[in-house]
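A.B. asks: Give me the fold of what follows.
(2 chains)
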Amino acid sequence: MKILVNALLLAGAVALSTTAAGSNAFALDKPAGEPVLTISGHITQANADKSATFDLAMLEKLDGRKATMETPWTTGQTEFSGPYLRAVLAAAGASGRKLIVKALNDYASEIPFDDAEKLDTILAVRMNGAEMSVREKGPVFLIYPFDKDRSLYNEKYFSRSVWQIKEIEVVE
Amino acid sequence: MSAGGDPISDVLQRASLRAAVLQVFSVILLIILIFLYMDMSDRQASLQNSIRENAMWAAFQLDREAHDLETDTRLALAGPIMEPGQLKSLSRRYDIVYSRNDLLSQGHFQGFFVQSGDLSAASIAINQIVKSLDRFFTGLETSADARARLTTALPALNALRDETTKLVLTSNTEISDNRAEARDALIHLQKTSGVYVILLTLSVGFLIFTLRRQLKAVRQAGLGFKAMANDLASAYNAADAGNRAKSQFLATMGHEIRTPLNAILGTAELLQLSDIPDDVRDNVQTIRTSGEALLEVLNEILDYSKIEYGKLEIEIRPVNLTDLCRSVMNIMASRAKERGNVLVLDMPDRLQNPWIKSDPTRLRQIILNLVSNATKFTSNGTVTLRLREFSGPNGRHFLRIEVQDTGIGIDQEGCKKLFKPFSQVDASISRRFGGTGLGLTISKEIAERLAGRIGVESEIGKGSTFWLEMRVEATEAPEIAPPSERPTGLAPLGQLKVLLVEDNKVNQQLALRFLERLGQKADLAANGAEAVEAAADTSYDLILMDMQMPVMSGIEAARAIRNGHGPSSAAPIIAMTASASDEDREACHEAGMDGFEPKPITLKRLHGVLASVAQRSDDAPVPEVLPNRNGLPQIEDGIDPARKTELIDVLGKEIFEELVVSFFTDAETLMREYRQARAAGNLQEADKALHTLKGAAANVGFKAVAEIAQAIRETPDINDHTDRLAALLASYTNNKAA
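C.D. replies: Numbers count the residues shown, from 1 in each chain, chains lettered A, B, ... in the order given. Next up, the predicted model:
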């Protein structure tokens, strides 16, 4: 009984937070911990200087999934987990046509906004259940759903799979 | 054109062989190509290329990060103070280098970087240096001796930079080599498949070429066959036309010959009647006999040509078998007698089916031919005409007619030849007995047309049996058969001496034929005066007297005969006239005539008259022979069908047709005479002409003509009748011509 109530409360909280994220009335909270991701550019939910910053906890609260797959950059089956890219973008109130995904080493890749909307792309923050350090391509790794759609397993999506992400710029 | 056949079939054979080989070849080539394609797409599908490219990229990134790390370290050492942010940044740079280094030994790239010695050595060296740098950079931002750490790390960073540069260069070389190799392999593959494609194209090309040739050959063969068929058809047509022309020629010539022959025979007959010395009479008889033989031959040839020409007509009517057999016996009686043969008719007293459906003329022709042959080849023997009926299953009736003789017989070989045209058993036979050798051929043909079979069994010296078997269909006696004194069949009559007095040629011929059919021989007188003369000389059993004749009329002649004292003064005289009024009848009685027969005379009534005369000689009462006045049906060609049937039955179709033709000639003359007499006001002459016309018309069966002629005689003032008569005659003439 208690569990059920908790579950209901939790569901309500999630619903609330989703509503909050989608409206202008509640601005995005400032990250409590160390910011790991910045969404800049065409967004409405800024919580810093014209940009939305997320810490790990904020990201992990968003709607996401766990996916196990093989990638060119890992050995064997690897489990990735993290929020959907579209959930993160929604939290930031982002809208536009493309995203410029930037890495710590200034590597950048342009991806269409649709990759967030139409594909179950996630911003992985954990690999095999553990947080990812920079040495392990962390803290944020854009993972395409190679497990769901084998046709994505090619160079086009490999080059879009940016790791060590620090910022996503939303372009109109 | 027939020469085209062999090369065409040669070409066809060679082309099909070549096509088969080419097909096999093409299939093999196609399979090879499919394998090549699969191989190619396998290679294409592999990620070899992309891995190489990505490995290159990874090496390059690592090199760049190593440079940056070294540069940033140098910059930090060059500055006076080391900021914690600066140190943190350096630490992150190291982390990135670390992660980049890890990548070399992870995932897909692992294979690439260990594949060659140089690459392997470089990547191992890099890994060692990166790992060794760990102790300098871990916890760098919080360490007190950051400057000392970095200074110590600097040479290693330098080495790392050199190694990563070396890795990039080696990778590049390696990748270039690999790429070149891959390209070579691909080019080789492409060349190979190109060769196969060319071969396949050639093979398909040849195949198409061969198929085209094959099609061409087939078309040529088809055209050849068509031409051949055309040639054959025209050859056949030519042959057929030739044959038709021959038959046509025979038919025409036959008719052309028969006309003068008839004249010769008629003249000879007349000559015999005239007063001539006996030796001349014998000669004339020879002329007649030969002429008749010639006529028979001609008729056979005509029949045969008709058969060949496909014009032999079969007319199925009710046939009385008894009558048929008896008439044959009657006709053949005299000839059998000449050769000392006994003629026997062997048939049941009561036939199961006395009437059958068949062609009486043709059936009689066959039986006559068989009996005639038997008589011809038998002397002082017996010729038996045998008739038997059989009932088969399903109520079928069969008829077997046999003609058995005790003549010379025929051997096996001869039997085979018998039914072939123009063949007699051997030449000596034809010399001895004459004949065309067509009779049996014609009989066989007719028998087959009548759904029958004809055959022979024979033994040399013992005689032959010719048989005719046919399936028959029973039928009722025809209703239109004229009522007669005797219910059915005409009993054979004894030979009577008859004098026929008749002026009209057509009527003469008709009456004579009828008498002949009844087995009688008659003398002919063309007018009353001749009749009186003949009656004075000869004793006749019967005198048949026409009424209106030139020179002396029938009434006058009868009176003269009765008043005379000749051997025939008491002979029965029967009047034959087309005018059947009571007045006429009265006049006949007054002149001393014994009977009165309205024209046209029928076979049955004539038979009745003859029979009554025969009876009278046994002092039996003379039956009053009543005129037959029942209305006979009329048909389109103007000839009464019952009469036509009878006439054709007695005379044969051709003679009947001749009779009709000569009637029209006569009618034309009579009409002219009638018009002239009428114009001249000579009513008596006009009436005479009409009377003759009426009689002749009634004789042949032109009932309407006879009636109109009579009508004119009764009311000569109505001009209209004359036109109607002329029109009617004209229409019949046209009908005839058509």
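A.B. asks: C-alpha from now on. contacts and neighbour counts both.
C.D. replies: Noted.
A.B. asks: need the helices for chain A, in chain order.
C.D. replies: With DSSP state H as the definition, chain A shows helices at residue ranges A:2-22, A:56-61, A:85-91, A:114-118, A:155-160.
A.B. asks: Where among these is average confidence lowest?
C.D. replies: In terms of average pLDDT, helix A:2-22 trails the rest of the helices of chain A, at a mean of 44.
A.B. asks: In chain A, which residue is most central in space?
C.D. replies: For chain A, the residue nearest the mean C-alpha position is A:Leu123 (3.3 Å; Cα atoms, centre = their mean).
A.B. asks: Now do the same contact list for it.
C.D. replies: Taking Cα atoms under 8 Å, 6 or more residues apart in numbering or on different chains, we find A:Leu123 in contact with A:Ser81, A:Gly82, A:Pro83, A:Tyr84, A:Leu85, A:Val140, A:Phe141, A:Leu142, A:Ile143.
A.B. asks: so what's the fifth one closest to, chain neighbours aside?
C.D. replies: What that stands for is A:Leu85. Setting aside the residues directly before and after it, A:Leu85 is nearest to A:Ile122 in space (Cα to Cα, 6 or more residues apart in numbering or on different chains), at 5.0 Å.
A.B. asks: Enumerate the residues of chain A near chain B.
C.D. replies: Applying the criterion Cα under 8 Å from any Cα of the partner chain, the portion of chain A that neighbours chain B consists of A:Thr71, A:Pro72, A:Trp73, A:Thr74, A:Thr75, A:Gly76, A:Asn105, A:Val134, A:Arg135, A:Glu136, A:Lys137, A:Glu155.
A.B. asks: isn't B:Met552 right next to B:Ala531, touching?
C.D. replies: No: under the criterion of Cα atoms under 8 Å, B:Met552 makes no contact with B:Ala531, lying 9.2 Å away.
A.B. asks: These two - which one has more neighbours?
C.D. replies: A direct count of neighbours by other Cα atoms under 10 Å in any protein chain shown for B:Met552 and B:Ala531 places B:Ala531 higher, at 27 against 18.
A.B. asks: Check the gap between the more buried one and B:Ala522 for me.
C.D. replies: 12 Å (Cα to Cα, to the nearest Å).
A.B. asks: Now list whatever residues contact both of those two.
C.D. replies: By Cα under 8 Å, 6+ apart, B:Ala531 and B:Ala522 have these common neighbours: B:Leu499.
A.B. asks: May I have stretch B:124-142 as PDB, with CA atoms only?
C.D. replies: The C-alpha coordinates for stretch B:124-142 follow below in PDB (Å, rounded to 0.1, in the frame of the first residue of the first chain):
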ATOM      1  CA  ILE B 124      52.900   0.400 -27.200                       C
ATOM      2  CA  ALA B 125      55.500   3.300 -26.700                       C
ATOM      3  CA  ILE B 126      52.700   5.800 -26.600                       C
ATOM      4  CA  ASN B 127      50.700   3.700 -24.100                       C
ATOM      5  CA  GLN B 128      53.700   3.400 -21.800                       C
ATOM      6  CA  ILE B 129      54.400   7.200 -21.900                       C
ATOM      7  CA  VAL B 130      50.800   8.100 -21.300                       C
ATOM      8  CA  LYS B 131      50.600   5.700 -18.300                       C
ATOM      9  CA  SER B 132      53.900   7.000 -17.000                       C
ATOM     10  CA  LEU B 133      52.600  10.600 -17.100                       C
ATOM     11  CA  ASP B 134      49.700   9.600 -14.900                       C
ATOM     12  CA  ARG B 135      51.500  10.200 -11.700                       C
ATOM     13  CA  PHE B 136      52.400  13.800 -12.700                       C
ATOM     14  CA  PHE B 137      48.900  14.800 -13.700                       C
ATOM     15  CA  THR B 138      46.700  13.000 -11.200                       C
ATOM     16  CA  GLY B 139      45.800  15.400  -8.400                       C
ATOM     17  CA  LEU B 140      47.900  18.100 -10.100                       C
ATOM     18  CA  GLU B 141      45.600  21.100  -9.200                       C
ATOM     19  CA  THR B 142      45.800  20.200  -5.500                       C
END
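A.B. asks: Could you list the low-pLDDT ranges of the stretch 1-150 of chain B?
C.D. replies: B:1-8, B:11, B:15, B:43-53, B:107-111 (pLDDT under 70).
A.B. asks: Mind telling me which residue of the stretch 401-550 of chain B is nearest chain A?
C.D. replies: B:Ala451 (89.2 Å; Cα to the nearest Cα).
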